[in-house]
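Generate coordinates for the sequence data below:
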Amino acid sequence: MSFVLLLLSVLHGGPIGAATEPQKETITIDGRAAACLLNHRRAYEADARDVLVIYLDLCPIARPTQTELSRLNTNQSVNIHRGNTARNRNVLVLSKREFGCLIRDLQSRRNLARQRAVSISSACIAP
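Reported below is the predicted structural model:
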């Protein structure tokens, strides 16, 4: 019996019944975009919507028009981020609470615009 449990444990990747937490990927955005969000946070905070759709390439425009959206590179695949399973995003979809957390996280950093990529704290983004 113990051999069967040991075999099942090895095949399962760990002790039977042990809960394994899903791996969280690091979410990164361009340093200039991070600096832009921080510098223009009030424009995003003033948005009446509870969920913000942030087009990083259009920062500081918090509510882009259809014309402004059409200027985005349409040949490029749009990376939409929701939750903690995405990397290198150019579009973020965040609740106001998540946005506030992101801003507090960015405020603790220095020289954002000089960084090629800035990691977003997974504590700020809901799964």
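
Could you use CA atoms for every contact and neighbour count after this?
Fine.

What's the local residue count around Asn111?
Residues lying near Asn111 (other C-alpha atoms under 10 Å) number 9.

Please report how far it lies from Thr28.
According to C-alpha to C-alpha, to the nearest Å, Asn111 and Thr28 sit 16 Å apart.

buried set for the helix or strand that contains Cys101?
Taking DSSP states H and E as the criterion, Cys101 maps to helix 96-107. Buried residues in helix 96-107, counted by 16 or more other C-alpha atoms under 10 Å: Lys96, Glu98, Phe99, Gly100, Cys101, Leu102, Ile103, Asp105, Leu106.

The fifth one and Leu72, how far apart?
Think Cys101. Cys101 sits 27 Å away from Leu72, taking C-alpha to C-alpha as the criterion.

And for the helix holding Cys101, what's in contact with it?
Residues from elsewhere that reach helix 96-107, judged by C-alpha atoms under 8 Å, 6 or more residues apart in numbering: 34-35, 37-38, 41, 45, 50-52, 120-121, 124-126.

Quick one: low-confidence residue ranges for this protein.
For the chain, applying pLDDT under 70 flags the ranges 1-26, 73-89, 126-127.

need the strands for the protein, in chain order.
All strands of the chain, identified by DSSP state E, fall at 27-30, 51-55, 80-81, 91-95, 117-120.
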